[in-house]
Structure formats: C-alpha cells, structure tokens
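A.B. asks: I'll drop the sequence and a predicted model, then ask my questions.
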Amino acid sequence: MKYKVGGIILTCPCCQNDTFDKDYRQLNSRGATFFGLDWANKEAAILICKRCSYISWFMDDPSRA
C-alpha cells in the first residue's frame, strides 16, 4: 500500500520503495510504566517497508495515497 503525509507520497529512505505495511505502536514512558498506566501513553503509526523492512515512525497518521 502507498501512503502519504502532509500531501507527500512516502518512499523508504533506505531502498526508495513506495509500498508499506501500516501498524501502530505504543510510546511507553517510564512514569506511566512505573505506575502501571501504560494504556495512557500516546500511540505512533509505523510504516514497514515491504522491500527491506525498514520501519518509519509517525506521530501523524499517514493516509493512503
């Protein structure tokens, strides 16, 4: 799948591929983890390159191109 952020179609910085798998990961912080509040941490979108498996992280959710 192709994705864009801010109107720009994304390409992998390693291999220049333009197809990715999209997923989400939680951004853990020490304080929240210490108090057992991991569920309250922010979440980031990740795009995984289909060719070389490089992972790119985004705070804004990439949309389909």
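C.D. replies: Cool, the structure landed.
A.B. asks: what pLDDT, on average, does the host helix or strand of Ala45 get?
C.D. replies: Assigned by DSSP states H and E, Ala45 falls within strand 43-49. On average, the pLDDT along strand 43-49 is 95.
A.B. asks: What about the nearest residue to Cys49 once chain neighbours are set aside, how many residues nearby?
C.D. replies: Closest residue to Cys49 apart from its sequence neighbours, by Cβ to Cβ, 6 or more residues apart in numbering: Cys12 at 4.2 Å. Every C-beta, even on glycine, is put in place using the N, C-alpha and C of the backbone. Cys12 is flanked by 20 other residues according to other Cβ atoms under 10 Å.
A.B. asks: Doesn't Cys12 belong to a helix?
C.D. replies: No. Under DSSP: H, G, I helix; E, B strand; the rest coil, Cys12 sits outside any helix and is assigned coil.
A.B. asks: Pull the contacting residues for it.
C.D. replies: Neighbouring residues of Cys12 by Cβ atoms under 8 Å, 6 or more residues apart in numbering: Asp18, Phe20, Cys49, Arg51, Cys52, Tyr54, Ser56.
A.B. asks: got it, and Lys4?
C.D. replies: Leu10, Pro62, Ser63, Arg64, Ala65.
A.B. asks: about what we covered before: redo the contacts of Cys12 as JSON lines? Include distance to Glu43.
C.D. replies: Formatted as JSON lines, the contacts of Cys12 follow (distance: Cβ to Cβ, whole Å):
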{"residue": "Asp18", "distance to Glu43": "24"}
{"residue": "Phe20", "distance to Glu43": "17"}
{"residue": "Cys49", "distance to Glu43": "20"}
{"residue": "Arg51", "distance to Glu43": "26"}
{"residue": "Cys52", "distance to Glu43": "24"}
{"residue": "Tyr54", "distance to Glu43": "20"}
{"residue": "Ser56", "distance to Glu43": "15"}
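A.B. asks: Looking at those residues, which are in strands?
C.D. replies: Phe20, Cys49, Ser56 (DSSP state E).
A.B. asks: I would like a ChimeraX command selecting only the buried ones among the contacts of Cys12, please.
C.D. replies: Of these, the buried ones go into a single ChimeraX selection, burial set by 16 or more other Cβ atoms under 10 Å:
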select :18,20,49,56
